[in-house]
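[1] I need the structure of the sequence given here:
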Amino acid sequence: MTDVDKIYQKVVEKNPGEKEFHQAVYEVLESLEPAISKHPEFSKYKILERIVEPDRVIMFRVPWMADNGEIHVNRGFRVQFNNAIGPYKGGLRFHPSVYLGIIKFLGFEQIFKNSLTGLPMGGGKGGSDFDPKGKSDNEVMRFCQSFMDELFRHIGQFTDVPAGDIGVGGREIGYLYGQYRKIRNNFTGVLTGKGLDWGGSLVRPEATGYGATYFAQEMLKVRNVDFKGKVITVSGSGNVAQYTTEKVNQLGGKVVTLSDSSGFIYDPDGVSGEKYDFFLELKQVRRGRIKEYADKFNADYYPGKRPWEIKCDVAFPCATQNEIDANDAQILVDNGILAVSEGANMPTTPEGVEIFLEAGISFGPGKAANAGGVATSGLEMSQNSLRLAWTREEVDQRLHEIMKNIHKNAYETAEKYGAKGNYVIGANIAGFMKVARAMIAQGLI
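    Next up, the predicted model:
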């Protein structure tokens, strides 16, 4: 048993039942072995043993009152994982599936994702098992205010800067920020994803989808092809899926699928023009189901299914973790796929990743491909500190350059460690090296 295997086994023993966290740790540790063998100082300073343990885990109750007067109690979390290169940074997720293992998996991934951006941000994550779906605005507001009544003690501009994630959009960030501002009596960049009228950044809602598309564009360039005329499958229908679709359309590709928890639609003519406008209004304003798109435009609808059976050139899993399993991956490979760019966090199972890599598919792991969201959050933090607002073009240009640099760094690092074309190894080692060097330089803290 190798040292890495021993460390992983301890993680499983010390964190029982947290299967998503186990999966994230295994994927990272396994790919770091070439770096660990080349750098004995990492073993000497027990960097792996330290990096898999969060700095602190904060768990708290969140009582709130429904419109009918009934009291509900949810559980809130904030996991601050590693701040060796900057303040903790990572989103808040409000979803019934949230438990400690989910938050730890996301926070652990965030360490390396944030490092890859080149911006000074550490890794953290938070959330609650609260479900905003079906709740009134007032109920969501009361929940967010109660959530912030505890969270405010643990965050700050130079300490921990949360953002949004699944279930936490502009409405929720507004309520959370309003309560923080009231409690602290100051106006500071403590949350990102804020409204444009009060400290937010242009391009922030689009950033994760744009970034995943920019990363895929760089992977395709290595293959000497581009998006023009390519058939694209996208899962999900939230912000990431919405703006992946928009950017793919701009680059000449054709998005033929979108999905939500009820199923997926297949439109062989592509989701563009008035159809794309309808989709945005459906999801952003009316918060309806994707089936309504199929009904209006006579597209095929597949209830309870995911879109990976549809033949395509590039796939963007943008919904949730583990949505592409080994069977899905094999279908995509058999259908001649060129590239996969993960818009969601860890949407491909380890078995699926292995199939993609063995087949020579250009596979962009989430910590690299979907880093555009947190990168633009970092740009929002910079604008807040400067008391300036950059233009849309300037933010998009900076985002594009960051994603090109992430691709370059991951590609070159993989080649340096004998795994050319393996973006999983390249992204993990590149992200890890920066944090590990910072941890050693700062001593045993």
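
[2] And the strands in the chain?
    56-65, 71-82, 88-94, 122-128, 160-164, 231-234, 254-260, 263-266, 300-303, 314-316, 339-341, 362-364 (DSSP state E).

[3] Just send those back as TSV, with distance to Arg223 and mean pLDDT too.
    Backbone N, C-alpha and C define where each C-beta goes, glycine included. What follows is those, written out as TSV (distance: least, Cβ to Cβ, whole Å; pLDDT from 0 to 100):
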stretch	distance to Arg223	mean pLDDT
strand 56-65	42	98
strand 71-82	34	98
strand 88-94	32	97
strand 122-128	31	98
strand 160-164	33	97
strand 231-234	15	98
strand 254-260	18	97
strand 263-266	25	98
strand 300-303	30	97
strand 314-316	11	98
strand 339-341	8	98
strand 362-364	7	98
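
[4] Which among those is found nearest to Ser43?
    With respect to Ser43, and counting by Cβ to Cβ, the nearest of the strands of the chain is strand 71-82 at 18.1 Å.

[5] Mind listing what's buried along the closest one?
    By 16 or more other Cβ atoms under 10 Å, the buried positions in strand 71-82 come out as Asn74, Gly76, Phe77, Arg78, Val79, Gln80, Phe81, Asn82.

[6] Could you tell me which ranges of the stretch 201-350 of the chain sit under the pLDDT cut-off?
    Counting by pLDDT under 70, not a single residue of the stretch 201-350 of the chain qualifies.

[7] hmm, 90 instead?
    Applying pLDDT under 90 to the stretch 201-350 of the chain flags the ranges 285-287.

[8] mind listing the helices for it?
    Along the stretch 201-350 of the chain, counting by DSSP state H, counting those that start in this stretch, helices occupy 207-222, 239-250, 274-280, 291-297, 326-334, 350-358.

[9] Would you mind giving those helices as TSV with mean neighbour count and distance to Ile440 added?
    Shown next, in TSV, are the helices of the stretch 201-350 of the chain (neighbours: other Cβ atoms under 10 Å; distance: least, Cβ to Cβ, whole Å):
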stretch	mean neighbour count	distance to Ile440
helix 207-222	25	29
helix 239-250	24	35
helix 274-280	15	47
helix 291-297	16	52
helix 326-334	18	37
helix 350-358	18	29
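
[10] Which one, of those helices, ends up nearest to Val98?
    With Cβ to Cβ as the measure, helix 239-250 is the member of these nearest Val98 (18.0 Å).

[11] just checking, what packs against the closest one?
    Applying 3 or more Cβ pairs under 8 Å, 6 or more residues apart in numbering; DSSP states H and E, one finds that helix 239-250 makes contact with helix 207-222, strand 231-234, strand 254-260, helix 274-280, strand 314-316.

[12] mind redoing it with 7 Å?
    When contacts are defined as 3 or more Cβ pairs under 7 Å, 6 or more residues apart in numbering; DSSP states H and E, helix 239-250 packs onto helix 207-222, strand 231-234, strand 254-260, helix 274-280.

[13] Relative to Cys312, which of these is closest?
    strand 231-234 (4.2 Å).

[14] what's the nearest residue to Tyr243 if we skip its chain neighbours?
    Gly209 (3.0 Å; Cβ to Cβ, 6 or more residues apart in numbering).

[15] residues touching the one you found, list them.
    Shown in contact with Gly209 (Cβ atoms under 7 Å, 6 or more residues apart in numbering): Asn239, Val240, Ala241, Gln242, Tyr243, Thr244, Glu246, Lys247, Gly343.

[16] where's Leu258 relative to Gly270, distance?
    From Leu258 across to Gly270, the span is 11 Å (Cβ to Cβ, to the nearest Å).

[17] I misspoke; the intended subject was Glu53.
    Between Glu53 and Gly270 the computed distance is 47 Å (Cβ to Cβ).

[18] can you tell me how far Gln110 sits from Ser262?
    Distance, Gln110 to Ser262, using Cβ to Cβ: 29 Å.

[19] When those two are compared, which one has more neighbours?
    Ranked by neighbour count (other Cβ atoms under 10 Å), Gln110 and Ser262 place Gln110 first, with 26 against 13.

[20] Give the burial count for the closest residue to Ala419 other than its chain neighbours, as a bare number.
    Excluding its sequence neighbours, the residue lying closest to Ala419 (Cβ to Cβ, 6+ apart) is Ile425, at 4.4 Å. By other Cβ under 10 Å, 25 other residues sit near Ile425.

[21] Surely Phe278 and Ala299 touch.
    No: in this structure, Phe278 is not within contact of Ala299 by Cβ atoms under 7 Å, at 11.2 Å.

[22] so what sits against both of those two?
    Residues touching both Phe278 and Ala299 by Cβ under 7 Å, 6+ apart: Tyr293.
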